[in-house]
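Trainee: The amino acid sequence is not available; the structure is as follows:
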């Protein structure tokens, strides 16, 4: 009897110890969404990540963290090397001119939830850039901050953790007919959308089969319940969809038609894909050394992620198409100082012996003359065009109404067209 009583006491003590361990040790239980979000922001925005600048070990560490989180969310690898989509920054890219970062090895992180049924060949893409300013530089708004870590908690550790949390929530849902949902953490956004440009040129699902793209960039400072939704003008169906999903959230949506915002969604929009950019607005810490994790609204990120999850699911299962709208680009890098306007959209990822175009503006001088996306402008009038800087200088020599010849390389052949320059807004 004593032995039996002793055994029972030992077993009871073991059970009690297990129960207490579950209560007293948070690491022994599953993290809540807000705990995961806070842990993610603190990791990505830690000084040890070196500001997640291109060329730092901290950026590689951040990529490895995203890989682990994508795997934990149950995503399938969709990069060229597992979850990774590595590439080298083109040294001729205007975006990295004079930065010393041309030729740097970088990587996007790509995972997906496979589609089902007759919608499975199409895709909805969700993205966020995980890089930041590193140790400062020209993009920093802090004076004398070169060499100081810019942690970028809101820009864009916040969007990266929102992306990862959305992946977890969407992977719990299922439908007999749904589009493939692709998740991309972009690199080198701060240098000029280089990561998203590379993905659009090398997509996991073809661009013409991509239904829509949702972008998280700076969603960590939700205030007064206000969520900015940029890009609503890219498809007329989007405003109603955004409002209908918001019925269950009561957010104050601030819609912005412009799909050309300075973030990764514009790379997709230029490829003919409707887009939405989620943003909780800029603030006094934007691009400064003070953008740290302790200023993040963790509950706000969770709320944005939940709202985005419902919107993404609506898009993934929607039967009717979205109608892409060609919205004029507000700012053109190729407008000359004299007001001459060509109406081209330059490719910022490289200069292959000229200025490669991702597209041309509807009804603009370039389109009227027959210039197309994919063309490489090599000469404007008497001016040789080797890169975007040379093109800008050439355009400064003309004014609206001037007529000249523009030469492009198209499919390996030189094609010349007569162009009449226009005036922006005219």
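Mentor: Right, received. Where do you want to start? What you see is a predicted model; the values in this text were computed from it and never measured.
Trainee: For the rest of this, base every contact and every neighbour count on C-alpha atoms.
Mentor: OK.
Trainee: where does residue 281 land on pLDDT?
Mentor: On the pLDDT scale, residue 281 is placed at 89.
Trainee: which residues touch it?
Mentor: Counting by Cα atoms under 8 Å, 6 or more residues apart in numbering, residue 281 touches 218, 219, 221, 222, 227, 228.
Trainee: Sitting in helices, which of these do you find?
Mentor: Assignment to helices by DSSP state H places none of the contacts of residue 281 there.
Trainee: Now, of those, which are buried?
Mentor: 218, 219, 221, 222, 227, 228 (16 or more other Cα atoms under 10 Å).
Trainee: As TSV, these with pLDDT and distance to residue 265 would be great.
Mentor: Output for the buried ones among the contacts of residue 281, formatted as TSV (pLDDT from 0 to 100; distance: Cα to Cα, whole Å):
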residue	pLDDT	distance to residue 265
218	97	13
219	98	15
221	97	20
222	97	20
227	96	17
228	94	14
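Trainee: can you redo these as CSV with distance to residue 367?
Mentor: What follows is the buried ones among the contacts of residue 281, written out as CSV (distance: Cα to Cα, whole Å):
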residue, distance to residue 367
218, 35
219, 37
221, 41
222, 41
227, 36
228, 32
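Trainee: Am I right that residue 214 sits in a helix?
Mentor: No. Under DSSP: H, G, I helix; E, B strand; the rest coil, residue 214 falls outside any helix and is assigned strand.
Trainee: And the pLDDT for it?
Mentor: If you check residue 214, the pLDDT there is 98.
Trainee: residues near it, how many?
Mentor: 26 (other Cα atoms under 10 Å).
Trainee: For it, name its beta-bridge partners.
Mentor: Counting by DSSP bridges, residue 214 is bridged to residue 126, residue 276.
Trainee: need the strands for the stretch 51-200 of the chain, in chain order.
Mentor: Under the criterion DSSP state E, counting those that start in this stretch, the stretch 51-200 of the chain contains strands at 76-77, 84-88, 105-113, 123-129, 180-186.
Trainee: Output the below-cut-off pLDDT ranges for this structure.
Mentor: The chain contains residues with pLDDT under 70 at 1-29, 330-339, 348-350, 424-426.
Trainee: try it again with 50
Mentor: Low-confidence segments of the chain (pLDDT under 50): 1-26, 331-337.
Trainee: how's it carved up into domains?
Mentor: 33-317, 340-423 (automatic domain parsing).
Trainee: now the end-to-end length of the last one.
Mentor: Length of domain 340-423, first residue to last, Cα to Cα, to the nearest Å: 6 Å.
Trainee: Restricted to strands, list the buried ones among the contacts of residue 281.
Mentor: Among the buried ones among the contacts of residue 281, DSSP state E puts 227, 228 in strands.
Trainee: All the helices of this structure, residue numbers only.
Mentor: 2-24, 33-44, 57-72, 159-170, 194-201, 238-246, 265-270, 298-317, 365-369, 388-395.
Trainee: mind giving me JSON lines with these and columns for mean neighbour count?
Mentor: Output for the helices of the chain, formatted as JSON lines (neighbours: other Cα atoms under 10 Å):
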{"stretch": "helix 2-24", "mean neighbour count": "11"}
{"stretch": "helix 33-44", "mean neighbour count": "20"}
{"stretch": "helix 57-72", "mean neighbour count": "19"}
{"stretch": "helix 159-170", "mean neighbour count": "25"}
{"stretch": "helix 194-201", "mean neighbour count": "23"}
{"stretch": "helix 238-246", "mean neighbour count": "16"}
{"stretch": "helix 265-270", "mean neighbour count": "26"}
{"stretch": "helix 298-317", "mean neighbour count": "21"}
{"stretch": "helix 365-369", "mean neighbour count": "20"}
{"stretch": "helix 388-395", "mean neighbour count": "19"}
